[in-house]
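> Fold the stuff below for me.
(4 chains)
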There are 2 protein chains.
Amino acid sequence: MFSKACEYAIRALLFIAQKTVDGSKIGIKEIAKGIDSPEHFIAKILQDLSRKGMVQSQKGPSGGFYLHQSSLNASLADVVRTIDGDSIFSGCALGLKQCSEVKPCPLHHEFKKIRENISHMLQTASLGEFSQQLEKSKLFLKR
Amino acid sequence: MFSKACEYAIRALLFIAQKTVDGSKIGIKEIAKGIDSPEHFIAKILQDLSRKGMVQSQKGPSGGFYLHQSSLNASLADVVRTIDGDSIFSGCALGLKQCSEVKPCPLHHEFKKIRENISHMLQTASLGEFSQQLEKSKLFLKR
DNA sequence: CAAATAAAAGAGTTCTTTGTCTTTTTTTCC
DNA sequence: GGAAAAAAAGACAAAGAACTCTTTTATTTG
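Got it, this is the predicted structure:
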């Protein structure tokens, strides 16, 4: 469904959101541990997201990652699109390049609904909205 | 969503179903052309499916691939499961191994519905049922 | 200003998927 | 039985994804 990089990215951003509600910052090592991901790999991914403004960071002692209000309001769809592109939102299930209403693959009409469901779900979910439930251990980001 | 191998497999099987309704057989070159896939790659995939009884084949002159009635009745879900395993039916969207009702990832509950939709669609679609529409050019398997 | 800290950057490595090429086996048909 | 046809098999090659390691840059703090 999503690439590994994208899975880690979502988990990391939700983790950062949860851990920095008080305005603090969190380091890459804690993030990697907190979501059970390879440290340098998630570091690369966050660097990329940082360059694109989807997460904020600060170097040096007491530095780390955090999220601006606008980043907290970003949708999961934004994250997915940034990392995996929009194949999941618009690609053909059978890999046809020109699959469309007028030239549909056998799964086109059925998959249209499914893609709409996925889009809607990712579009309406924000990075910030899971923090409380994560804090209460009603949701999990590792294992 | 699906691997390339799986995309080609579904397209190839639907193509074989369409082209052998009269009880004939069809060769690998025609299949590759018919679905616009790398010839040797789809050959490998069909060999694999053949070993597993999901498609029938015969060597030698006038040989080729065809489908038994039971293979025609197989569901797309069977094909997907054979090639990609059942990650799409049961895997966690965020890559957690132990994601479940009691230990859900943030997307678990929403994705459950989506996975059910996908499962239902693939389970109820058979290899044989698209032949007429393909023949009438209302559905397409290439480009 | 020096030392320490933490992210950024860069340069690989490894593994998996995708795709190619060649040889072998089986079958048909003359 | 020999030639031709077609799938099966095996060995590689290329590309991309996933992951690691080392060095650099920026920032803070004593």
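
> pLDDT on stretch A:10-25, on average?
The predicted model gives stretch A:10-25 an average pLDDT of 98.

> Next one, pLDDT for the residue of chain A most remote from its centre please.
Farthest-out residue of chain A from its mean C-alpha position, per Cα atoms, centre = their mean: A:Val102, at 32.6 Å. The score at A:Val102 is 97. That number is its pLDDT.

> ditto for A:Lys44
Confidence score, pLDDT, at A:Lys44: 98.

> what's the helix or strand for A:Lys103?
Under DSSP states H and E, no helix or strand contains A:Lys103.

> from what I can see it touches B:Lys142, true?
No: the criterion here is Cβ atoms under 8 Å, and A:Lys103 misses it with B:Lys142 at 10.0 Å. The way it works is simple: take the backbone N, C-alpha and C, and place the C-beta from them, glycine included.

> count of neighbours near A:Ala12?
26 (other Cβ atoms under 10 Å in any protein chain shown).

> so, in contact with DNA strand D or not, the helix or strand hosting it?
Of the helices and strands defined by DSSP H and E, A:Ala12 is found in helix A:4-19. Yes: interface with DNA strand D: helix A:4-19 contributes A:4-5, A:8 (Cβ under 7 Å from any atom of the strand).

> so after that helix, what's the next helix or strand?
With secondary structure assigned by DSSP H and E, helix A:4-19 is succeeded by helix A:28-35.

> List the contacts of A:Gly128.
For A:Gly128, the contact set (Cβ atoms under 8 Å, 6 or more residues apart in numbering or on different chains) comprises A:17, A:67, A:72-73.

> Please convert these to a markdown table, extending it with secondary structure and neighbour count.
Listed next are the contacts of A:Gly128 as a markdown table, based on DSSP: H, G, I helix; E, B strand; the rest coil; neighbours: other Cβ atoms under 10 Å in any protein chain shown:
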| residue | secondary structure | neighbour count |
| --- | --- | --- |
| A:Ala17 | helix | 22 |
| A:Leu67 | coil | 21 |
| A:Leu72 | helix | 18 |
| A:Asn73 | coil | 13 |
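
> Quickly name whichever of the residues of helix A:4-19 next to DNA strand D is closest to B:Arg81.
B:Arg81 has its nearest neighbour among those in A:Lys4, at 21.8 Å by Cβ to Cβ.

> still on that earlier bit, now do the helix holding A:Ala12: which elements does it pack against?
If contacts are counted by 3 or more Cβ pairs under 8 Å, 6 or more residues apart in numbering or on different chains; DSSP states H and E, helix A:4-19 sits against helix A:28-35, helix A:39-51, helix A:76-84, helix A:131-135.

> List the residues that contact A:Gln58.
A:25, A:64, A:66.
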